[in-house]
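Asker: Need the 3D shape of this:
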Amino acid sequence: MPGRHTLQRHADVNGITLYHEIYGQGEPLVLLHGGLMTIGEMSALLEPFAKTRKPIAVELQGHGRTADTDRSLSFETMGDDIAALLNQLNISKADILGLSLGAAVSLRTAIQHPEKVRRLVVISNPYAKSGWYLEAQEGMGGVSAAMAENMMQTPTGKFSKQWPEPQRFPQFLDKMGKMLGASYDWSADVKELPMPVMLVFADNDSISQKHIAEFFALLGGGVKEPGWQNTQLSKARLAIVPGYSHYNFVSAPELAPIIDKYLADPLTNSPAGAAAASQAAPELTESN
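Answerer: Predicted coordinates for the structure are as follows:
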């Protein structure tokens, strides 16, 4: 994990205390982890981007050092948390990147607060519950307090011992299972997203290739011939990375270069980025 110019802090937003870390200098890039993960598992993305950008890595409600509370758990509420955090950091607009659960939250942030999102990177998450293979749907919906003993071995389970009320962890798993088991379909919202969006999936992901193609099409990608000089090239991007599944994709060294190319693409790189970067977060300090 990069250690230089790191700010570790908590922000009180919407009834929870949101733990986040800020690295590097440059344009802000919010990084959101997958389910039951923490910032530490995002190092394959965090370390490269900290060299050229200002990653803001967040631990979502009930994950890592962001303790769960009595607040209900939903993708929509966590999307509001990210927008509120950007407001607290005086960042008018940021690129947002999320993996799995974090991708669902990043998608909701873009849907609910499009003015805060410059570009969006969705890694390994569908726009509707039906996009997951049936086995994945059953597994996620089956998360419950009964699994607490085994789930204590996850990164989030280990950190839950440090929560003000560590006994909340089993209840949190019940909330996770309820949220992940509920049906949703955000296709109408996805079609209306105004910002450039990149989709990134493993070739053996837990989301069907059919759904991935439909997701790309909703964004205007892959639906027409772009012209031999790319005059009608979509701002949507799609990457399928070979040799990975949903469960080991976070460690793929290919991810950061693929996403970096997208963020540097002139077609997705609007002048608004410079303005967003100028509204930097508070002065960073060394932290161990």
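Asker: Got phi/psi on the spatially most central residue of the chain?
Answerer: With distances taken as Cα atoms, centre = their mean, residue 98 lies nearest the centre of the chain, 1.7 Å away. The phi/psi pair for residue 98 (degrees, to the nearest 10) reads phi -140, psi 150.
Asker: List the contacts of it.
Answerer: 31, 32, 104, 105, 106, 107, 121, 122, 123, 125 (Cβ atoms under 8 Å, 6 or more residues apart in numbering). Bear in mind the C-beta positions are built from the backbone N, C-alpha and C, glycine included.
Asker: So residue 196 versus residue 20, what's the distance?
Answerer: In this view, residue 196 and residue 20 are 24 Å apart by Cβ to Cβ, to the nearest Å.
Asker: right, and residue 27 touches residue 93 too?
Answerer: No. Residue 27 is not in contact with residue 93 according to Cβ atoms under 8 Å; the separation is 9.4 Å.
Asker: Could you say which helix or strand holds the residue of the chain positioned farthest from its centre?
Answerer: Going by Cα atoms, centre = their mean, the residue of the chain most distant from its centre is residue 228, 34.2 Å out. Counting by DSSP states H and E, no helix or strand carries residue 228.
Asker: Give the full set of residues in contact with it.
Answerer: Under the criterion of Cβ under 8 Å, 6+ apart, residue 228 has no neighbours.
Asker: residues making contact with stretch 245-257?
Answerer: With contact meaning Cβ under 8 Å, 6+ apart, stretch 245-257 is reached by 34, 37, 41-42, 44-45, 48-49, 99-100, 123-124, 136, 200, 202, 204-207, 241, 244.
Asker: Extract the C-alpha trace of that stretch and format it as PDB.
Answerer: Extracted in PDB, the C-alpha atoms of stretch 245-257 (Å, rounded to 0.1, in the frame of the first residue of the first chain):
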ATOM      1  CA  SER A 245     -13.200 -15.000 -12.400                       C
ATOM      2  CA  HIS A 246     -15.300 -12.600 -10.300                       C
ATOM      3  CA  TYR A 247     -13.400 -13.800  -7.200                       C
ATOM      4  CA  ASN A 248      -9.800 -13.100  -8.200                       C
ATOM      5  CA  PHE A 249     -10.300 -10.200 -10.600                       C
ATOM      6  CA  VAL A 250      -9.400  -7.600  -8.000                       C
ATOM      7  CA  SER A 251      -5.800  -8.800  -8.100                       C
ATOM      8  CA  ALA A 252      -5.400  -8.600 -11.900                       C
ATOM      9  CA  PRO A 253      -2.400  -6.400 -12.900                       C
ATOM     10  CA  GLU A 254      -4.100  -5.700 -16.200                       C
ATOM     11  CA  LEU A 255      -6.800  -3.700 -14.600                       C
ATOM     12  CA  ALA A 256      -5.000  -0.500 -13.800                       C
ATOM     13  CA  PRO A 257      -3.400   0.000 -17.300                       C
END
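Asker: List phi and psi for residue 234.
Answerer: Dihedral angles for residue 234 - degrees, to the nearest 10 - are phi -70, psi 150.
Asker: burial measure for residue 136, as a count.
Answerer: By other Cβ atoms under 10 Å, 18 other residues sit near residue 136.
Asker: Show me the contacts of stretch 245-257 that map onto strands.
Answerer: Mapping the contacts of stretch 245-257 onto strands (DSSP state E) picks out 99, 123, 200, 202, 204, 241, 244.
Asker: What is the nearest of these to residue 178?
Answerer: Distance to residue 178, by Cβ to Cβ, is smallest for residue 99 among the ones in strands among the contacts of stretch 245-257, at 21.4 Å.
Asker: Please give me every residue in contact with residue 201.
Answerer: Per Cβ under 8 Å, 6+ apart, neighbours of residue 201: 123, 124, 207, 212, 239, 240, 241.
Asker: same thing with residue 123?
Answerer: Contacts of residue 123 by Cβ under 8 Å, 6+ apart are 97, 98, 99, 100, 102, 103, 200, 201, 249, 255.
Asker: which of those residues has the most neighbours?
Answerer: residue 102 (30 neighbours).
Asker: Setting aside sequence neighbours, what's the nearest residue to that residue?
Answerer: Distances taken as Cβ to Cβ, 6 or more residues apart in numbering place residue 32 nearest to residue 102, at 2.9 Å, with adjacent residues excluded.
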